[in-house]
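[1] Here is the input, now give the coordinates:
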Amino acid sequence: MGPSNVHTVHWKKRPWELSRNFRDMSGTKFPKFIIVLTPCIDGILRYEKSARTSSFEICSKDQPNVSNFERGDAIITSRRTPETERANATLRAIQADILRLRDEIKNQEEIANEYDMRTSFGLAIAQSDPTAQKIVKSIRFYQKRIARIFAKC
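    As a prediction, this is how the structure comes out:
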């Protein structure tokens, strides 16, 4: 452990937080970063000796703002009268229906995305065959019609 093993690191820029504003600047949810280390030998930066890390991303845990209603905390139980108890029971039933319907919608959207992906994959394969162009054209026509129908809903 002599003085030759001591290295000093100088940051060219001021300190910054990885998660601050990079999402907005990059336009992606989890931007990718590459760290470049350039040695300074005798006061001259030696770019030809730079070292780069492989690209990486920093993903913090998604913490969506869950409403009290979704957590089940929407009901106030400070004072129970027969009327408020009936209203709370009705509210709980309605909220359970809403949560069930949201789950069903999410499942249906996932299924629709899966079928869209499969159809796109099949079309990509069929496009390479010149004899299948009529079928590809017909499928695309019906996809556009379906998209217009669902856009009206």
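[2] Quick one: distance of stretch 114-123 to the chain centre.
    21 Å (C-alpha atoms, centre = their mean, to the nearest Å).
[3] So what's the model's average confidence on that stretch?
    The average pLDDT within stretch 114-123 is 87.
[4] got it, and stretch 88-96?
    89.
[5] before we move on, what about stretch 139-151?
    pLDDT averaged over stretch 139-151 gives 86.
[6] quick one: contacts of it?
    Thr119, Leu123, Ala126 (C-beta atoms under 8 Å, 6 or more residues apart in numbering). All C-beta atoms are positioned from the backbone trio N, CA, C, and that covers glycine.
[7] of these, buried ones?
    Among those, not one is classed as buried by 16 or more other C-beta atoms under 10 Å.
[8] Quick one: those residues as JSON lines, columns for distance to Glu109 and secondary structure too.
    Output for these, formatted as JSON lines (distance: C-beta to C-beta, whole Å; DSSP: H, G, I helix; E, B strand; the rest coil):
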{"residue": "Thr119", "distance to Glu109": "15", "secondary structure": "helix"}
{"residue": "Leu123", "distance to Glu109": "21", "secondary structure": "helix"}
{"residue": "Ala126", "distance to Glu109": "26", "secondary structure": "helix"}
